[in-house]
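Asker: Have a look at this prediction, sequence included:
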Amino acid sequence: MSAKTIHFKVGNGDMTLVVLESGRRILIDCKITSAADDPNDDAPDVGFQLRDRLKRDTDGRLYVDAFLLTHPDQDHCAGLRRHFHLGPPGSWVKANDKIVIREMLSSPIVFRRADRKKAKDGLTLCEDAQAWRNEARRRVRLFRSQGWLADGDRIQILGEDVDGKTDDLLPILVSTGSIFSTICGVTDATFKGLLLAPLPTDDVDEAEVLSKNNSSVIVRLTLAAGGNTMAGRFLFGGDAEVAIWERIRDRYKDEDLTYDVLVAPHHCSWHSLSWDSWSKMREKAKVSERARSALAQAASGAIIVSSSNSILDDDRDPPCIRAKREYEAILKPVLGPFRCVADEPGDEPLEIGVSYFGVKPSRLFVGVAGGLSTGVGGEALAHG
């Protein structure tokens, strides 16, 4: 028995489907652009690829068991309104055949965002993010009114809000620093999630808390497979930048940050590793050792995945060639590969299998840090 993660080709953006050994599916972010939906465009049809990997319920509705939005940026929620059902489950329309979100996983900070036309502080939301916020509010209101939620109405709030705003939501609240393992009200022993951020407001100032990137949910998911309860540890950091990673390093122990797979934050951006501008300073830019240490807790054979465009030796950021070099340096002593999703052959996503023996990419690859070059039958496995 096994689990797996599917990392879709969405350019600079994030969209990962986690398939647990139990069969439950957790979607982390989505980026389904109009180009991806256009049959005449060359962009991979990631909407179809996602739907093809989902199940239907007894009412014939496609669904994800949980949808975790790391933060409300367009490159993490594009296509939400076109592809996902929003509103009470009973209002689902067969002709539209949208995907039902049985349970939302959301930071409370999204509730404090304003529509573009109403915002006075620049902290605005795109239309898909507004739709997420409104649906999250609907589900919270329903919980407050009746004290329980059913599939299609469920939500878990990831992290406490300021001024006691989430104090009455304890049954659906996951505190920062705690472990959760429930989906749709049921404990699922095939995964554990350690919520590392958003950080409490006493750890960061208000500007950092409210900035979109630094309000990112950071979570380490530990997946079980074949009786190994720690078969694969996956670290997802959204677009969190250097200020947050420095605080993560100060707040948590090495074992809390150890991973078998890291999705490089902010699409392999230099700003997750440094306060300096790559485009302005190039090789003179300095690495934050605290931030790098937070992202350097790689287990033997660990994999770092860049969900980004192809990484070129230029001034772009993200993705940034210097960040890629730092990640390759992190991987070198553990003999692990760096994989850029954009460079996978064809239009199909990158799949990483999780078995009793650890994690393993599903395709041939070359250029493993440390000089190895191995294939599907011969990669070094990362063991939990």
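Answerer: On my side now, so go ahead.
Asker: Pull the contacting residues for residue 85.
Answerer: Contact partners of residue 85, counting by Cβ atoms under 8 Å, 6 or more residues apart in numbering, are 61, 91, 92, 96, 98, 99, 100, 101, 152. The way it works is simple: take the backbone N, C-alpha and C, and place the C-beta from them, glycine included.
Asker: Skip the chain neighbours and tell me the closest residue to it.
Answerer: Of all residues not flanking residue 85 in the chain, residue 98 sits nearest, at 4.1 Å (Cβ to Cβ, 6 or more residues apart in numbering).
Asker: count of neighbours near that neighbour?
Answerer: Residues near residue 98, counting by other Cβ atoms under 10 Å, number 20.
Asker: what's it in contact with, if anything?
Answerer: Residues counted as contacts of residue 98 (Cβ under 8 Å, 6+ apart) are 62, 83, 84, 85, 92.
Asker: likewise residue 150?
Answerer: Listed by Cβ under 8 Å, 6+ apart, the contact set of residue 150 reads residue 89.
Asker: wait, residue 168 sits on residue 144?
Answerer: Yes - using Cβ atoms under 8 Å, residue 168 makes contact with residue 144 at a distance of 6.9 Å.
Asker: just curious, which of the contacts of residue 98 is nearest to residue 315?
Answerer: The shortest approach to residue 315 among the contacts of residue 98 belongs to residue 83, at 34.1 Å (Cβ to Cβ).
Asker: tell me the contacts of the closest one?
Answerer: By Cβ under 8 Å, 6+ apart, residue 83 lies in contact with 30, 32, 47, 50, 98, 99.
Asker: Check which strands are paired with the helix or strand harbouring residue 261 and give the direction for each one.
Answerer: Element membership of residue 261, judged by DSSP states H and E, is strand 259-263. Using DSSP bridges, strand 259-263 pairs in its sheet with strand 228-236 (parallel), strand 298-306 (parallel).
Asker: Name the nearest residue to residue 101, ignoring sequence neighbours.
Answerer: Excluding the flanking residues, the one nearest residue 101 by Cβ to Cβ, 6+ apart is residue 67, at 4.6 Å.
Asker: thinking the one you found is in contact with residue 103, fair?
Answerer: Yes - contact criterion Cβ under 8 Å: residue 67 and residue 103 qualify, at 7.5 Å.
Asker: Kindly export stretch 160-171 (C-alpha atoms) in CSV.
Answerer: Provided in CSV are the C-alpha atoms of stretch 160-171 (Å, rounded to 0.1, in the frame of the first residue of the first chain):
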residue,chain,number,x,y,z
GLU,A,160,-5.4,31.7,15.9
ASP,A,161,-6.6,35.2,14.9
VAL,A,162,-5.9,38.3,16.9
ASP,A,163,-8.1,39.8,19.7
GLY,A,164,-9.7,36.4,20.5
LYS,A,165,-11.6,36.4,17.2
THR,A,166,-11.3,32.6,17.0
ASP,A,167,-11.8,31.8,20.6
ASP,A,168,-15.3,30.4,20.0
LEU,A,169,-14.1,28.2,17.1
LEU,A,170,-11.9,25.8,19.2
PRO,A,171,-13.6,22.6,17.8
